[in-house]
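# everything below, folded, please.
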Amino acid sequence: MIKALTIDATELIKTLITEKENLCLYGYPSEQWEVNLPAEEVPPELPEPALGINFARDGMQEKDWLSLVAVHSDAWLLAVAFYFGARFGFDKADRKRLFNMINDLPTIFEVVTGATKKQTKEKSSVSNHSSNKSKSNSKVRIHPFSCLAVPLNVNLSRF
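A predicted model of the protein is given here:
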């Protein structure tokens, strides 16, 4: 999905020039992606990605639209990860481990908008600043949902 929203962004936008409604962006473990209609089964086997990404595109700046799709893609990947966690019977410790693995990665939104580079610079300047001071109580608070993207090829069976 990162590839679709960065390297292949022009190709992604071209695939949305269609009369089809309610298109979704799907990402696969092979790093391939596709734009397609949602699954017809109700309820679907897996959580579905954001519906209708082609509608929001009209009237939006390309950068803003890519960011919007990235945010929805992050939410979808998180839903898929915890769906598999539930299906495989993860207990509290397993869910926490999964969450921590997810949190160790940047979100798709952060990659698409370049926020990962900004965070790295901010963290290093904060750590340099705090190491120069006598270990004050000025801690950097990172929101627990700041890094939600999970690669679809994570082998969840090892939990």
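
# so the residue nearest the centre of the chain is in which element?
The structure's the chain has its C-alpha centroid closest to Asp74; by Cα atoms, centre = their mean the separation is 2.5 Å. In this assignment (DSSP states H and E), Asp74 forms part of helix 62-87.

# and after that helix, which helix or strand comes next?
With secondary structure assigned by DSSP H and E, helix 62-87 is succeeded by helix 92-103.

# from Cys24, how far out is Val69?
10 Å (Cβ to Cβ, to the nearest Å). Using the backbone N, CA and C atoms, a C-beta is placed for each residue, glycine as well.

# equivalent analysis for Val35, please.
7 Å.

# anything in contact with each of the two?
Taking Cβ atoms under 8 Å, 6 or more residues apart in numbering as the contact rule, Val35 and Cys24 both touch Ile53.

# where does pLDDT dip in this protein?
Where the chain drops to pLDDT under 70, the residues are 117-159.

# rerun at 90
The chain contains residues with pLDDT under 90 at 13-23, 27-29, 31, 36-46, 48-60, 115-159.
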